[in-house]
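Asks: Structure for this input, please:
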Amino acid sequence: MDLGRHLRYFLVVAREGHFGDAAVELGIAQPALSQSVRRLEAELGVALFDRSHRRVRLTPAGRLLVDQAREVVAGEARLRETMRRVRDGRVATLRVGVPPGTSAVALRGLLDGMAAQAPDLTVDVGAMTGAELVRALGEGSVDTGLVTAPFDGSGLVSEPVHRVEVGVVVPRGAALAGAARVDVADLAGAELVTAPRAEAPEWFERVLAVCREHGWVPPRVHEVEGAELRWGLVLAGRGVALAAESAAREPRLAWRPLVGSPLHQRTEAVRPARGAHPAASVFAEVAARVMAESAGPVGGPGPIGGAAGARPWSLVYGGDPVTLPGWAGSADDPVSRYRAPAAGGGIARPAGHGVPGPLPSGE
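Replies: Down below sits the predicted model:
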């Protein structure tokens with residue numbers, strides 16, 4: 001009996017709730033699928049589906065089998081992939097998935113760290129969303145990687161490597177940018193700009209749950225691929241974003257922490273619970289060190305030039321703290337690092353950049 005094949009078929013039927021739909025997805029005839037499931041039921045001695053309704057339902061035994069079947073199917077896929085790598089002479093390669101937008105500095109740190117710990121190991125790196133990484137680990141096409149918690153970790157082992165506070169990102173000229181901290185309830189009426197749910201479903205739901213718990217139900221949620229597009233919508237006043245401070249690298253945006261710090265982004269290194277690559281645990285240690293040194297998530301830019309608190313706009317606007325009109329900024333608050341407009345209005349340039357005075361307000 002081909003147990004792995006029968007279990008794969010069983011899982012598709014369990015997900016679709018209909019033999020016809022499952023047969024179409026699997027690309028086989030429905031009678032063959034029905035026969036496969038009946039053979040599995042006969043082998044196990046239990047009924048897995050209640051067929052008395054138009055759409056089939058899992059029996060108690062079927063529900064218990066789902067998680068174990070996933071482990072068996074994933075284990076078989078990893079076993080086949082491992083043997084394929086042995087056959088092709090690729091065992092000395094660690095395949096790693098990292099979040100899209102991982103900075104060059106962080107990526108270099110990960111690769112240098114692995115080279116120092118395992119000089120004979122080849123590390124292949126690819127960009128993957130959290131959902132893609134979890135799926136690839138189950139299929140055996142990747143060995144380890146970094147993912148934002150929470151996530152569906154069945155059949156996986158995870159190690160926390162970093163935890164960072166999440167705040168709100170708004171245009172630098174917005175009223176909320178003048179606050180030291182922003183109460184989530186004060187965002188009432190604002191739309192939310194965020195990464196698509198499909199990239200990290202559990203994290204997406206966690207963010208919305210925290211918003212609801214603290215009095216903010218966004219009237220609209222913009223699910224946008226790509227950080228630059230998300231920052232563009234925030235700049236255009238189409239909504240606000242929730243992110244770690246290091247992720248908001250656009251100088252015309254301001255990041256402010258939330259009152260009570262209700263939300264933290266946790267990054268974890270994940271690998272299969274069984275048959276993991278020997279170097280996967282080493283990667284977790286290296287990732288924890290790199291993320292601690294960069295003072296931000298791997299997906300963020302980290303400190304610029306190695307100086308704590310430095311930001312890209314400091315290179316343009318200078319380091320002299322100047323308070324914007326009507327804002328009670330502090331000397332070490334980057335929102336204050338602008339030259340106030342001279343009397344008469346207009347847009348002022350930063351001091352010391354060769355601009356004699358305010359430019360016309362129509363610039």
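
Asks: Please count neighbours and contacts with C-alpha atoms only from this point.
Replies: OK.

Asks: Give the residue spans of this protein that score low on pLDDT.
Replies: 1, 82-83, 85-91, 295-363 (pLDDT under 70).

Asks: Is the residue nearest the centre of it part of a helix or strand, or is it coil?
Replies: A centroid search over the chain (Cα atoms, centre = their mean) returns residue 148, at 4.7 Å, as the residue closest to the centre. Of the three states, residue 148 takes strand under DSSP: H, G, I helix; E, B strand; the rest coil.

Asks: what about it, distance to residue 169?
Replies: Distance, residue 148 to residue 169, using Cα to Cα, to the nearest Å: 19 Å.

Asks: and the residue nearest to the centre of the chain, what are its bridge partners?
Replies: residue 267 (DSSP bridges).

Asks: wouldn't it be in contact with residue 130 here?
Replies: Yes: in this structure, residue 148 is within contact of residue 130 by Cα atoms under 8 Å, at 6.6 Å.

Asks: Give the residues shared as contacts by these two.
Replies: Counting by Cα atoms under 8 Å, 6 or more residues apart in numbering, the common neighbours of residue 148 and residue 130 are residue 200.

Asks: isn't there a helix covering residue 134?
Replies: Yes: assigned with three-state DSSP, residue 134 falls within a helix.

Asks: my read is residue 161 is in a helix, agree?
Replies: No: the assignment for residue 161, made by three-state DSSP, is strand rather than a helix.

Asks: Which helix or strand contains the closest residue to it other than its chain neighbours?
Replies: Nearest residue to residue 161, sequence neighbours excluded (Cα to Cα, 6 or more residues apart in numbering): residue 288, at 4.3 Å. Assigned by DSSP states H and E, residue 288 belongs to helix 280-294.

Asks: That helix: how far from the chain's middle?
Replies: With Cα atoms, centre = their mean, to the nearest Å as the basis, helix 280-294 stands 17 Å off its chain's centre.

Asks: strand partners of the helix or strand containing residue 165, parallel vs antiparallel please.
Replies: Assigned by DSSP H and E, residue 165 falls within strand 156-171. In the sheet, strand 156-171 lines up against strand 240-244 (antiparallel), strand 253-257 (antiparallel), strand 264-272 (antiparallel) (DSSP bridges).

Asks: so which of those gets nearest residue 39?
Replies: strand 264-272 (29.6 Å; Cα to Cα).

Asks: So what's the gap between that closest one and the chain middle?
Replies: For strand 264-272, the distance to the chain centre is 9 Å (Cα atoms, centre = their mean).

Asks: contact partners of that strand?
Replies: Against strand 264-272 from outside (Cα under 8 Å, 6+ apart): 137-138, 143-150, 155-166, 244, 280, 283-284, 287, 297.

Asks: who's in contact with the closest residue to residue 51 other than its chain neighbours?
Replies: Once flanking residues are discounted, residue 51 sits nearest to residue 57: 6.8 Å by Cα to Cα, 6+ apart. Residues near residue 57 by Cα under 8 Å, 6+ apart: 14, 17, 49, 50, 51.
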